[in-house]
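>>> sequence and predicted structure are below.
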Amino acid sequence: MHIPPARRFSPYLPFGENKESAWYGKDILTVKQFGVDDLNYIFGVANEMRGMVKRVGTFDLLKGKILANLFYEPSTRTSSSFTSAMERLGGSVIPINEVKYSSVSKGESLADTVRTLECYADVIVLRHPEVGSAALAAKYARKPVINAGDGIGEHPTQALLDTFTIFAELGSADGLTVTMLGDLKYGRTVHSLARLLSLFNVKINYVSPDILRMPQEVMDEVSEKGIPQQVCDRLEDVLPQTDVLYVTRVQKERFEDPANYELVRHQFVVNPEIMKLAKSEMIVMHPLPRVGEISMDFDEDPRAAYFRQMEYGLHVRMALLAMVLGKA
Amino acid sequence: MHIPPARRFSPYLPFGENKESAWYGKDILTVKQFGVDDLNYIFGVANEMRGMVKRVGTFDLLKGKILANLFYEPSTRTSSSFTSAMERLGGSVIPINEVKYSSVSKGESLADTVRTLECYADVIVLRHPEVGSAALAAKYARKPVINAGDGIGEHPTQALLDTFTIFAELGSADGLTVTMLGDLKYGRTVHSLARLLSLFNVKINYVSPDILRMPQEVMDEVSEKGIPQQVCDRLEDVLPQTDVLYVTRVQKERFEDPANYELVRHQFVVNPEIMKLAKSEMIVMHPLPRVGEISMDFDEDPRAAYFRQMEYGLHVRMALLAMVLGKA
Amino acid sequence: MHIPPARRFSPYLPFGENKESAWYGKDILTVKQFGVDDLNYIFGVANEMRGMVKRVGTFDLLKGKILANLFYEPSTRTSSSFTSAMERLGGSVIPINEVKYSSVSKGESLADTVRTLECYADVIVLRHPEVGSAALAAKYARKPVINAGDGIGEHPTQALLDTFTIFAELGSADGLTVTMLGDLKYGRTVHSLARLLSLFNVKINYVSPDILRMPQEVMDEVSEKGIPQQVCDRLEDVLPQTDVLYVTRVQKERFEDPANYELVRHQFVVNPEIMKLAKSEMIVMHPLPRVGEISMDFDEDPRAAYFRQMEYGLHVRMALLAMVLGKA
C-alpha cells in the first residue's frame, strides 16, 4: 500500500471530522508518515479506547475481524500487546510466531507470505529483522500492514505509544524537556521518539556513554525542525530540569571490554537516590525489558511511568487497529 | 471413527436435502471417501461460505465451538487457514504448534494425545509426518478428526480446495484439460488431485523431469476411471490446450547432481513469455509456497489463480468445519 | 497478592452464600490455601460448569476477559486445558509458549514480565520450572495469578481436579481407600493430592519401588491430620480394598541401572488381568501422559477414569477462572 504523506489532514479541520475514513485501509510503517494532526487524532482515539477499557474491559468494535500477528523474531511484549488490543476490540488473532520453521524456511518470499495471509486475515502486524521489510510487505498486500519493528529500522507503534504516554501523563509535549538516557546509538526507540517529538516544541538532552551516542543523522533531522538539543555526560547535570526521563537498556554485547560495560552500567542507573534531584512532577519511561537500568526500589514512586506506558501501548494499538479497519 | 464410504448420498436426492446430518461427527481423512455428490455438497456449502465472507466477513455459526489445531510439523499456511476458518465462523482455536516439546516428547502415544484434546475441543485438525496417523487418531477419537496432511500420505482438504478452485473459476471440471507440471513423484497434492479429478470427465497431462514422473500406481487408478492421460516432456506441447495448469515446486534435494536441478528448474518456469501460448480463458494454480516455478511478473495476469486458490481454501475449510460440527 | 489462608470461609455459612466475592482477585498458588469448605465451593462451581458444558458447550460468562497463558516450560495438556476453559467461558487467550526466545532471554525478571502482561490481560496462568515462582509473580501482580506448576513445587489445579474427579465419580472422598502407585518420590501430583485428601476421612496406601517412595515429609504432614497410611511393596496386597487407584509415570532417568527400570516398569503395570483383583465400583486415575503404566487394553473398562479426569480438569479450571474474575 502507498504510504500516506505526513500532515495529510488540514490543520484547520476541526478535530475528528470524518478523518476516520482517511485511515481506512492505510498502512502504519514509519513515524515519518505522521504530522501533528495525525497524532492528535490517534491520541484522541487512543484516549477513547483507554476510557472504554477502564469502564467495560472490551467491546465488539472489531468483532469478526481477524489479525494475522506475523512475528519473524520473538517479541512477547509487542506480540501480546497487539493480541490483547485485537481481543479487547472483539476481534480474533492468528498467531504466527514460529515463522522460521515454516514456509519461509522452504524459501518463500515475504511478498508471497503476506499475500497468503491476507487471504485469511483483515490486517497484518509484521515484526521482521530486516530494514524495509514492512514497506515491502505493504507494497504487495491489499490489506493494511502495521510495522511492529523492522530490524534497526522503525518501530512506529512504539514511538506512538511513547508519545501518547507523555501526552496522557503530562497533558502535552509542548514546553517539555525530554532527557534520553542509555544506549542512544542502537536504540531504535529513541531515534523514532526524537523524530516524533521534533513535531512539538520540546528540548532534548542526550546522556549516554561515549560509544553509544545519538547518531548525528538523527540529531541533524531533529535540528532542522528547530529543536534545541544538548549532549551531556552526566545525568545529574540535566535531571533537575527534566520533565520526561526516557531510559533505555545498555546491552553488554555492545562493549569490546566487559570492564567498560560494568563501569557504564553502574554510572547510569536510575534509583531513588539520584531521583531526589528530579522534579516531583515528571515521569520516568522505559520501553522495557530492563536489566537493571532502573532499580526495582524505584517502581513504587509515582513518577515511575514504565508500567503505565505498557497500558498506553495497548490503547494506542487498539486505536490503530480500529482506524485502519475503518472503525474509529 | 468409521470412514464413510464414497458416494453415500443417492445422486437422485435433491441437493441439500437433509444431507447435513450425514456429515455430523464424521472424519475427513482421505479423498477416497468423496464421491461426486459429496463434492457437489461440499462445494455448495463452500460457495455459501464464500458469499458470507464477502458480504459480512464472519458470522457466529460455530460460536462456542473449539478447534484443537494439532500440528506435529509446522505449516503456517494450513494452520493459519484452519484458524481463520474457525474464527470466521465465530469459533475458538487451541493452537498446538510446538508438539515436539511437550507430552509427546515424554513418549505419549498419538491415541492418548487425541483422547486428551477431545476433552477440551469439539473438533481436531491434525498434521502429522507419518502416513496413517490421521486414520489412527480418528480410530480413537470420539470427536471428528480432519486430516491436514499425514506425511507422504494424504492431504484431503488441499485436494478439495484445489478442485473447488477449478469449479469456482471455470464452472465445472467436466470437459477440461488439466496439465500438472513439476515434481509429480513426491508431490502429495498432485496425487490426491488426480484421484479426485478422475471422478469427472477430464483429460490430464503430466509434464515433469524424468526422475519426477507421476507414479504408475496413481496413473493406473486414474486410468481405471477411464480418464485419458498423457505424459509429456515439454510444457509447450500441451499448454495451448490446457484449461488448468497446476504447477508444483521442484525441490533441490530430490536431485543427486545439482547441475540437473538447475537445468530442470529453468526448463519448467511459468512466465509471461511462455504463457503467450496458453488460452486467455484458463487458470494457473500452485499449492504454494513457490520458489521460482512461477515468475512474479506473471502474478498480475488474470489467469494467475494461486492467491485466489488460498481464499477458496478458507471457504472449503469453513464448509468442512461447519459440516462435521453439524451446522452446515 | 496475598495468599488467602485456608479455611477462610466459616464452615457454618450455608453453601454458596455470597462466597463468590471472597475469591474475586485472589491467587491460586498452593493446595495449602484450601480448606474443606473451599473445596466444596470450588467443586460446586465446577459441577455447574460441567452441566453447562454438557448442555450448551460454552457461555459468555467471561466474555471480554483475557487470560495470559504464560508457559516457561511446555505443557500441551495444561496449557490447552486452560485455553479451552477460558474459551468455553467466552473469554480470550494470549498464548505465550515460547518464553525462552523472548524478553526473558534478554534478562527480564519474572516480576517485570508479569507486571507487563497484566497490562494486557485480566488473569495470568503461570507455568515455571522454579519452585516459588508463582508466589513471586503473585507478589508483584495486581491481577490474579494461577499456579499451573512451579517445578517440583506445587501444581494446585492438578490436585484440585484429581480430588474433584474422586468426588464426581464416587460422591465423596470420605471413607475411601486411595492407593498411589508408581513414582511417589518425584511425582508432584501425588504429594499435592495426599495433602488435599488429608482434609477428608481417607486411608492412603503407597505402592512404589524402594527408591521412589513417598517422602517422609509428606507422610508426616498427612499423619498429623490423623490419616492412616500404609507403605506396600505389592499392588496385589491392597488392590482389593482400593476405591481409587492413582497411577503415576515411572521415568527411566530416575534409575542408575536401566535393568532396574525395566524390572520396575513391568512390576507395576495396571492391566485387565491384575484389575480382576479390584472392586467393580472403583476408579483408576492417572495425571497423564502415560508410557505403559496402564495398558491400553484396560481403556474400555468403566473403571478407567483417566480420560474423564481430563474433562473434570476443564471444569475445575473453568470454575477457578470464573471465581478469581468475580463471576462465579
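Looks like it came in fine.
>>> and chain A, what are its domains?
Residue ranges for the structural domains of chain A, counted by automatic domain parsing, are given in the record as A:20-154+A:313-324, A:157-310.
>>> so for chain B, which of those domains sits nearest?
Put simply, out of these the one that sits nearest chain B is domain A:20-154+A:313-324, at 3.5 Å, with distance taken as CB to the nearest CB. Just so you know, the C-beta spots here come from the backbone N, C-alpha and C atoms, and that holds for glycine as well.
>>> hmm, that closest one in reach of chain C?
Yes - counting by CB under 8 Å from any CB of the partner chain, contacts between domain A:20-154+A:313-324 and chain C involve A:56-59, A:74-77, A:80-81, A:83-84, A:87-88, A:95, A:97-98, A:313-314.
>>> just those residues: which are in strands?
Residues of the residues of domain A:20-154+A:313-324 next to chain C located in strands (DSSP state E): residue A:95.
>>> residue A:61 looks like it's in a strand, true?
No - when DSSP: H, G, I helix; E, B strand; the rest coil is applied, residue A:61 is found to be coil, with no strand at that position.
>>> where does the nearest residue to it once chain neighbours are set aside land on pLDDT?
Of all residues beyond its chain neighbours, the one nearest residue A:61 is residue A:89 (4.8 Å), with distances taken as CB to CB, 6 or more residues apart in numbering or on different chains. At residue A:89 the predicted local confidence, pLDDT, stands at 96.
>>> could you do the one 3 residues further on as well?
Residue A:92 carries a pLDDT value of 96.
>>> and the residue lying closest to it once chain neighbours are set aside, how far is that from residue B:58?
Once flanking residues are discounted, residue A:92 sits nearest to residue B:87: 3.9 Å by CB to CB, 6+ apart. Computed as CB to CB, to the nearest Å, the residue B:87 to residue B:58 distance reads 7 Å.
>>> more neighbours, the two?
Taking other CB atoms under 10 Å in any protein chain shown, residue B:87 and residue B:58 do not tie; residue B:87 has more neighbours (25 against 20).
>>> list the contacts for the more buried one?
Taking CB atoms under 8 Å, 6 or more residues apart in numbering or on different chains as the criterion, residue B:87 is in contact with A:66, A:92, A:94, B:58, B:93.
>>> where does the prediction get shaky in the stretch 1-150 of chain A?
Under the criterion of pLDDT under 70, the regions of the stretch 1-150 of chain A flagged as low confidence span A:1-21, A:98-107.
>>> residue A:124 in helix, strand or coil?
Here residue A:124 takes the strand state, with states given by three-state DSSP.
>>> now do the one 10 residues further on
Secondary structure of residue A:134, reduced to three states by three-state DSSP: helix.
>>> ok, it - how many residues close by?
Applying other CB under 10 Å, we find 31 other residues in the vicinity of residue A:134.
>>> can you name the residues that contact the nearest residue to it once chain neighbours are set aside?
When the adjacent residues along the chain are set aside, residue A:134 lies closest to residue A:147, with 3.5 Å between them (CB to CB, 6+ apart). Contacts were defined as CB under 8 Å, 6+ apart; by that measure residue A:147 touches A:27, A:28, A:29, A:30, A:126, A:134, A:135, A:154, A:155, A:156, A:157.
>>> please tell me how far residue A:147 sits from chain C.
Using CB to the nearest CB, to the nearest Å, one obtains 19 Å as the distance from residue A:147 to chain C.
>>> what segments of chain A are strands?
With DSSP E applied, chain A shows strands at A:66-71, A:92-96, A:123-128, A:145-150, A:177-181, A:203-207, A:229-232, A:244-247, A:283-285, listed in chain order.
>>> TSV for the ones you listed, including distance to residue C:268?
Conversion of the strands of chain A to TSV gives the following (distance: least, CB to CB, whole Å):
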stretch	distance to residue C:268
strand A:66-71	45
strand A:92-96	41
strand A:123-128	49
strand A:145-150	52
strand A:177-181	61
strand A:203-207	66
strand A:229-232	71
strand A:244-247	57
strand A:283-285	58
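>>> to residue A:35, which of those strands lies closest?
When those are compared by CB to CB, strand A:145-150 sits nearest residue A:35, at 17.8 Å.
>>> now the closest one against strand A:66-71, angle please.
Angle, strand A:145-150 to strand A:66-71, by axes from the mean of the first three to the mean of the last three CA atoms, to 10 degrees: 20 degrees.
>>> just want the angle from strand A:145-150 to strand A:123-128.
20 degrees.
>>> neighbours of the closest residue to residue A:290 other than its chain neighbours, how many?
Taking CB to CB, 6+ apart, and ignoring the residues beside it in sequence, residue A:290 has residue A:249 as its nearest neighbour in space, at 6.1 Å. In terms of burial, residue A:249 registers 22 neighbours under the definition other CB under 10 Å.
>>> who's in contact with residue A:249?
A:182, A:183, A:187, A:286, A:287, A:289, A:290, A:291, A:293, C:106.
>>> look up how far residue A:289 lies from it.
Residue A:249 is 7 Å from residue A:289, where distance means CB to CB.
>>> and for residue A:324?
As defined by CB to CB, residue A:324 lies at a distance of 28 Å from residue A:289.
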